[in-house]
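Undergrad: Predicted structure and sequence below. I'll ask about it afterward.
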Amino acid sequence: MAKRKQQNVQIERQLKQRKNLYRGIGLLVVAVIAMAIGAGIWAYRDRQTVLRYDGGRVATTDFRASFEWNFQNNPGAREAALDWVKSSVVLRDRAITHNADLTAEERDEAIQTIANWRQEERDMRNGFDAMGYISNERMAELFMTGPIFGRLMDIYVPTYDVNEDELAELVEEHIEENFHYGMDLQVRFIDLASLEEIEEAESMLGTMHFDDIVRQFSDWLEDDDEMPPTSSLIGLMPTLQELGISGEAQEFLLNMEEGEYSHIIELMNFEIGAPIYVLFKMESVSEADMDEVTDTVSENLIQTRRNEIFFELIEDWIEEANFVVNPRGYNSI
């Protein structure tokens, strides 16, 4: 009897030990599964971060948006895209510090601009949203930084003291390269589609008043109509360039003296694929106002130097931020 009781105790002990063993194995399995799930969640979250810095973290989607929007996924531009993200982040962080972030109105306008762009992209891709991974709001914060850029530059680089010797040198270079800048060059011209007619008009130059030649060959101008006002050659130049004026012809026109006629200048109407032939007469030449030229060059110099100094500050802010690239997030794009 005692022996059987002892055997029962031993059996109960073995059953208890086995039960504890199974429980331990179960807990171990649960722990392993939990660790695997946790590791998966951590890995997923880790891939969502491309940069860590003293002020926080930068989402991988920000880098992806920069890479796609600014650099069209060019493999050679990955570092440039990352640098751009750093600049955008420190710029906005600094704006928030100075209460110079986008105003409510600017934010709404920026978001609408992004929304319009996104819709245009969808229309071209049959409804596919290529940047559906990032919101319009975040896109606006990243890419529509013009207003905060200007406000921060006004805070950090409000002005620049012009070096007079540098300014004088730039004015001289400007006049040499753009001698016509600020000049008032008034011209009258006749344009015809027929080479024979324009050659006939050219043969009359010097024998009759240019206005009369224009009247004779212009169907739209009646004999009793007043002549239209002269045109600014500088104002006409963009149109002439669109019509394919040669560099030599352009330089000739800009150097014409008062009362001088041009040779026949051939242009091209690209809409109809046919040439246009033009004769010019320089009606008047007024020299540029040097004070105005100097003021313009000075303003450009000040703005250029302010930009240069401000961009150097942005580089300093990036260095101070201590950005660290997260390889898992960076390599996921």
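TA: The structure has been received and is ready for your questions. Numbers count the residues shown, from 1 in each chain.
Undergrad: got the contact list for the longest strand anywhere in the chain?
TA: The longest strand of the chain (DSSP state E) is strand 274-286. Strand 274-286 has contacts (C-beta atoms under 8 Å, 6 or more residues apart in numbering) with 183-195, 198, 201-202, 205, 210, 230, 233, 243, 253, 256-262, 264-269. Where C-beta positions appear, they are placed from N, C-alpha and C, glycine not excepted.
Undergrad: same check, this time on stretch 69-85
TA: Residues contacting stretch 69-85 (C-beta under 8 Å, 6+ apart): 50-51, 58, 62-63, 66-67, 131, 142-143, 318, 325, 330, 333.
Undergrad: most neighbours, which of those?
TA: V50 (27 neighbours; other C-beta atoms under 10 Å).
Undergrad: helix/strand/coil for that one?
TA: strand (DSSP: H, G, I helix; E, B strand; the rest coil).
Undergrad: you'd agree it is up against A59?
TA: Yes. Between V50 and A59 there is a contact at 6.9 Å, judged by C-beta atoms under 8 Å.
Undergrad: coming back round to it: tell me which of the contacts of strand 274-286 fall in helices.
TA: In helices, defined here by DSSP state H, the members of the contacts of strand 274-286 are 195, 198, 201-202, 210, 233, 253.
Undergrad: how about TSV for these, with distance to L279 and neighbour count added?
TA: What follows is the ones in helices among the contacts of strand 274-286, written out as TSV (distance: C-beta to C-beta, whole Å; neighbours: other C-beta atoms under 10 Å):
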residue	distance to L279	neighbour count
L195	12	12
I198	6	21
A201	6	21
E202	6	16
F210	8	21
L233	14	23
L253	11	23
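Undergrad: The stretch 101-250 of the chain: helices as residue ranges?
TA: Ranges of helices in the stretch 101-250 of the chain, per DSSP state H, counting those that start in this stretch, are 104-124, 136-143, 146-156, 164-177, 195-203, 210-217, 233-242, 247-254.
Undergrad: winner for burial among the ones you listed?
TA: Among the helices of the stretch 101-250 of the chain, helix 136-143 has the highest mean neighbour count (mean count of other C-beta atoms under 10 Å), at a mean of 19.
Undergrad: Could you list every helix and strand in contact with it?
TA: Applying 3 or more C-beta pairs under 8 Å, 6 or more residues apart in numbering; DSSP states H and E, one finds that helix 136-143 contacts helix 60-69, helix 78-97, helix 104-124.
Undergrad: quick one, that helix and helix 146-156 angle?
TA: 40 degrees (axes from the mean of the first three to the mean of the last three C-alpha atoms, to 10 degrees).
Undergrad: Tell me if I'm right that L102 and G146 touch.
TA: No. L102 is not in contact with G146 according to C-beta under 8 Å; the separation is 9.6 Å.
Undergrad: How is this protein divided into domains?
TA: The chain breaks down into these domains under automatic domain parsing: 8-47, 54-151, 183-287.
Undergrad: So for the last one, mean pLDDT?
TA: Across domain 183-287, pLDDT averages out at 90.
Undergrad: Equivalent analysis for the second one, please.
TA: Per-region confidence: domain 54-151 scores 91 on mean pLDDT.
Undergrad: Kindly check the end-to-end length of that domain for me.
TA: Domain 54-151 has an end-to-end distance of 24 Å (criterion: C-alpha to C-alpha, to the nearest Å).
Undergrad: Include distance to I96 when you put the helices of the stretch 101-250 of the chain into CSV, please.
TA: Shown next, in CSV, are the helices of the stretch 101-250 of the chain (distance: least, C-beta to C-beta, whole Å):
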stretch, distance to I96
helix 104-124, 13
helix 136-143, 10
helix 146-156, 9
helix 164-177, 36
helix 195-203, 64
helix 210-217, 63
helix 233-242, 42
helix 247-254, 49
